[in-house]
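Visitor: what follows is a predicted structure for the sequence shown.
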Amino acid sequence: VIVLFTDYGVIGPYMGQLERVLRTQAPGIDVITLFADAPCQEPQAAAYLLGAYWNEFPAGTVFLAVVDPGVGTDRAGAAVRVDGRWFVGPENGLFSIVVRRAEDEARWWRLTWQPDRLSATFHGRDWFAPVAARLARGVPPPGVEEPLASIERPEWPDDFAEIIYIDGFGNAMSGVRASSVPEGAVVSVAGRTVDRARTFAHVPAGQPLWYENANGLVEIAVNRGRADRLPGVAIGTKIRIEAAS
Amino acid sequence: VIVLFTDYGVIGPYMGQLERVLRTQAPGIDVITLFADAPCQEPQAAAYLLGAYWNEFPAGTVFLAVVDPGVGTDRAGAAVRVDGRWFVGPENGLFSIVVRRAEDEARWWRLTWQPDRLSATFHGRDWFAPVAARLARGVPPPGVEEPLASIERPEWPDDFAEIIYIDGFGNAMSGVRASSVPEGAVVSVAGRTVDRARTFAHVPAGQPLWYENANGLVEIAVNRGRADRLPGVAIGTKIRIEAAS
Amino acid sequence: VIVLFTDYGVIGPYMGQLERVLRTQAPGIDVITLFADAPCQEPQAAAYLLGAYWNEFPAGTVFLAVVDPGVGTDRAGAAVRVDGRWFVGPENGLFSIVVRRAEDEARWWRLTWQPDRLSATFHGRDWFAPVAARLARGVPPPGVEEPLASIERPEWPDDFAEIIYIDGFGNAMSGVRASSVPEGAVVSVAGRTVDRARTFAHVPAGQPLWYENANGLVEIAVNRGRADRLPGVAIGTKIRIEAAS
């Protein structure tokens, strides 16, 4: 299966154009859209989101992942292999958190192949999708393997204490794994302390809460309401986590 | 074919995560998204919407339907069989109108199977999708058949005189079947009487109208305009239908 | 492959209902959504958009294209063949620019077949999708071939100097092919001159620019910003192109 993870938007032709390449060049392989609205033009936030969602897909999955503010410049393209999955896209840090979450293997190749006709603004269609189709067909990555250290971002923390995504219910995901929050720690966002609960139905209507979401992240919600309407809560808002005193 | 009917939103990873389970556990079976924006957290409105859209799909179709404000509480899960189709999701009334529209058969099973790892907030992925995949493969429902009366909602009317859905054109669907409107009846919404027409092109530009939509519901529209911009028209707005005097 | 190009919206059931017909009547054939948000109820703008996106799909592709403000009136239905692709939808000018961009062949058939049950508002599902399914299975168009001149719109220009589409990044596409812009010409929109660049990363953050988009159209963007937030830039805004003096 090929999984799409992009910031191209749920509107517009771009996801369908990726699918055109994949259906043509990797016929018979399923294509699933995971995110078409990954953090827009923000590779760092997107890296933590991808880092929480990739490993529910089985070994053999190919992720075509594009959040690429540097499209058209000379930033490199990468094929990354982590625990049996492939990841293809721009080399801008997008895969650094997946690499850090690896249990068994993490390797990467700088892409050396480029298409004869490469548009200035749509490398997803012209460059990365053909590579993803090849990998899905079992062909080795068309590139040169590089030392892993060269795509790591050691300056990025293990958990990213910001709101990185807001979903259709208005729930606000952070880049922090709930498993990293010490027991009894106080979580606050935009100056407001929010209690932990198992799920929104466990607090009164209208009350904010945080819980471990279904992919392990700290997520802020409001029962029967929307967290994104709390004052100050938006993409990029800092989360504070303080150990119990 | 497996049909998705949820309020998960057209943004976000949730539809793709359902599809991951279905593609993995029911390989080779088509997956179609019917609604990703069913009435949000409103099982009653959603029940009337599902009740208008299910029967254009052929016998053998499996509906994975999730509108589930009680996720994480002890509300039951259900597999429902109506006229050759399967429906899987929470037992909160969501299937009660489909059952009422049955022509031949209506039966239901309370799910007894649960996965070993069940997240608190995403029963669609962890619980209902695996059951839908099984049913699509022809496996019997993993549950106990219960008397039909126990999922009926006798207090819910046959037609629901509210706006239950607004589409991308701004057209406002009600939960009322056009076939139930007496000839010559006066239809009004938000204090405004709207005339019946065959389609929007049959009234002057800017004029509101109602018509029987392509799935049999009373729908309010404005020719070359948007009904959702009429003052007072929104999800939950009451529709009045008065017999001609 | 069958490609969907409609203004039905990314929300709502309509795309899924088209897919239901296609999966049932053309089993085993891929279905790709190219646009679900083509210019709403605007066949002329939609015609220029389709005219820029169709020819990256290979010969044999069937386009089911519906932008149809006249649904329910007596406007005709058409099956059009251009350079090995099929196009099915309303005869309202939607295919006239594709026809004009033909390199080898352009023919059209007025549809004579109609389904027994045709809803007033959803000809896409009831009429055009079954025809698209037939064409995808290799069956000839169920209609009568007509002279090409009768679907041409000679009064429509070769390039349409208006904003016809705004994507999820806020980039504004025009109906003008970049290849038609004379070298050194001055491009302006809403009273503001915008310089040409290869891609947004080549101008300072916050600066507007225009470039040839990945499908050959003149597109306005703002590096690290949104062109649709420039004052006066919206669907329908005129673009001015003046030869260098």
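Guide: Received, thanks.
Visitor: geometrically speaking, which residue is the centre of chain A?
Guide: Residue closest to the average C-alpha location in chain A (CA atoms, centre = their mean): A:Leu50, at 2.3 Å.
Visitor: please enumerate residues in contact with stretch A:198-211?
Guide: With CB atoms under 8 Å, 6 or more residues apart in numbering or on different chains as the test, stretch A:198-211 has contacts from A:178, A:187, A:192, A:194-197, A:218-225, A:227, A:230, B:69-73, B:120-121. Backbone N, C-alpha and C define where each C-beta goes, glycine included.
Visitor: hang on, the residue nearest to the centre of chain A in a helix?
Guide: Yes: counting by DSSP: H, G, I helix; E, B strand; the rest coil, A:Leu50 falls inside a helix.
Visitor: for chain A, what lies in contact range of chain B?
Guide: A:1, A:3, A:10, A:30, A:32-37, A:53, A:56-58, A:165, A:167-169, A:198-202, A:211-215, A:224 (CB under 8 Å from any CB of the partner chain).
Visitor: list buried residues within those residues.
Guide: Burial by neighbour count, judged by 16 or more other CB atoms under 10 Å in any protein chain shown, picks out A:1, A:3, A:10, A:30, A:32-37, A:53, A:56-57, A:165, A:167-169, A:199-202, A:211-215 from those.
Visitor: quick check: which ranges of chain A have low pLDDT?
Guide: For chain A, the stretches with pLDDT under 70 are A:245.
Visitor: for whichever residue of chain A sits closest to chain B, give its distance to C:Val10.
Guide: The minimum distance from chain A to chain B, using CB to the nearest CB, falls at A:Gly168 (2.0 Å). Distance, A:Gly168 to C:Val10, using CB to CB, to the nearest Å: 12 Å.
Visitor: who touches both of these two?
Guide: B:Val10.
Visitor: can you show me the helices along chain A?
Guide: A:14-25, A:43-53, A:96-100, A:123, A:129-136 (DSSP state H).
Visitor: which one of those lies closest to C:Glu103?
Guide: helix A:14-25 (19.6 Å; CB to CB).
Visitor: what helices or strands is the closest one leaning on?
Guide: Secondary-structure packing of helix A:14-25 (3 or more CB pairs under 8 Å, 6 or more residues apart in numbering or on different chains; DSSP states H and E): strand A:2-6, strand A:31-35, helix A:129-136, strand C:31-35.
Visitor: these: which one's closest to B:Gly16?
Guide: The nearest among the helices and strands packed on helix A:14-25, by CB to CB, is strand A:31-35 at 4.2 Å.
Visitor: pairing partners for the closest one, with directions?
Guide: Looking at strand A:31-35 with DSSP bridges, its partner strands are strand A:2-6 (parallel).
Visitor: outside of the partner strand itself, list whatever touches it.
Guide: A:14-15, A:18-19, A:22, A:26, A:29-36, A:38, A:46, A:50, A:53, A:57, A:61-67, A:124, A:132-133, A:136, B:16, B:20.
Visitor: give me the buried entries from those residues.
Guide: Judged by 16+ other CB under 10 Å, buried ones among the contacts of strand A:2-6: A:14-15, A:18-19, A:22, A:26, A:30-36, A:38, A:46, A:50, A:53, A:57, A:61-67, A:124, A:132-133, A:136, B:16, B:20.
Visitor: the helices and strands packed on helix A:14-25: which one's closest to A:Glu103?
Guide: strand A:2-6 (19.0 Å).
Visitor: for the closest one, which positions count as buried?
Guide: For strand A:2-6, by 16+ other CB under 10 Å, it's A:Ile2, A:Val3, A:Leu4, A:Phe5, A:Thr6.
Visitor: what of stretch A:178-187?
Guide: A:Ala178, A:Val181, A:Val186, A:Val187.
Visitor: in strands only, show me those.
Guide: Using DSSP state E, A:Val186, A:Val187 are the members of the buried residues of stretch A:178-187 that sit in strands.
Visitor: who's in contact with A:Val181?
Guide: Going by CB under 8 Å, 6+ apart, A:Val181 touches A:Val187, A:Val218, A:Ile241.
Visitor: name the nearest residue to A:Trp54, sequence neighbours excluded.
Guide: Leaving aside its sequence neighbours, A:Trp54 sits nearest to A:Val98 (CB to CB, 6 or more residues apart in numbering or on different chains; 5.6 Å).
Visitor: also A:Ile164?
Guide: Among residues not flanking A:Ile164 along the chain, A:Ala45 sits closest, at 4.1 Å (CB to CB, 6+ apart).
Visitor: wait, isn't the residue nearest to the centre of chain A in contact with A:Val99?
Guide: No: taking contacts as CB atoms under 8 Å, A:Leu50 lies outside contact range of A:Val99: 10.6 Å.
Visitor: flag every residue of chain A that's near chain C.
Guide: A:8-17, A:19-20, A:23-24, A:37, A:40-41, A:69-73, A:119-122, A:125-126.
Visitor: gap between the two ends of stretch A:215-230?
Guide: 23 Å (CA to CA, to the nearest Å).
Visitor: check which residues of it are buried.
Guide: A:215-223, A:225-228, A:230.
Visitor: swap in stretch A:121-137?
Guide: Of the residues in stretch A:121-137, those buried by neighbour count under the rule 16+ other CB under 10 Å are A:121-136.
Visitor: so which pair among those is furthest apart in space?
Guide: It's A:Thr121 and A:Ala136 that sit farthest apart of the buried residues of stretch A:121-137, by CB to CB, at 24.4 Å.
Visitor: mind checking how far the residue nearest to A:Arg229 when sequence neighbours are not counted is from B:Met15?
Guide: With CB to CB, 6+ apart as the criterion, A:Arg229 has its nearest non-adjacent residue at 6.5 Å, and that residue is A:Gly170. Per CB to CB, A:Gly170 is found 17 Å from B:Met15.
Visitor: just the strands in chain A please.
Guide: Going by DSSP E, chain A shows strands at A:2-6, A:31-35, A:62-66, A:77-82, A:85-90, A:106-111, A:143-146, A:160-166, A:172-177, A:186-189, A:192-194, A:208-212, A:217-222, A:239-242.
Visitor: ok, which of those comes nearest C:Trp156?
Guide: Once those are compared by CB to CB, strand A:2-6 is nearest, at 33.7 Å.
Visitor: for the closest residue to A:Gly124 other than its chain neighbours, give its distance to A:Pro43.
Guide: The shortest distance from A:Gly124 to any non-neighbouring residue, by CB to CB, 6+ apart, is to A:Val66 (4.2 Å). Note on A:Val66: its distance to A:Pro43, by CB to CB, is 10 Å.
Visitor: spell out which residues are contacts of both of these two.
Guide: With CB under 8 Å, 6+ apart, A:Val66 and A:Pro43 have common neighbours A:Pro90.
Visitor: could I get the contacting residues of the residue nearest to A:Ala47 when sequence neighbours are not counted?
Guide: Excluding its sequence neighbours, the residue lying closest to A:Ala47 (CB to CB, 6+ apart) is A:Ile97, at 4.4 Å. A:Ile97 is in contact with A:Ala47, A:Tyr48, A:Leu50, A:Gly51, A:Trp156, counting by CB under 8 Å, 6+ apart.
Visitor: which one of those residues is nearest B:Gln114?
Guide: Nearest to B:Gln114 among these: A:Gly51, at 28.0 Å, using CB to CB.
Visitor: got a list of what the closest one touches?
Guide: Contacts of A:Gly51 by CB under 8 Å, 6+ apart are A:Ile97, A:Val98, A:Arg100, A:Arg101.
Visitor: gap between the nearest residue to the last one once chain neighbours are set aside and chain C?
Guide: Spatial nearest neighbour of A:Arg101, chain neighbours left out: A:Gly51 (5.4 Å); criterion: CB to CB, 6+ apart. In this view, A:Gly51 and chain C are 23 Å apart by CB to the nearest CB, to the nearest Å.
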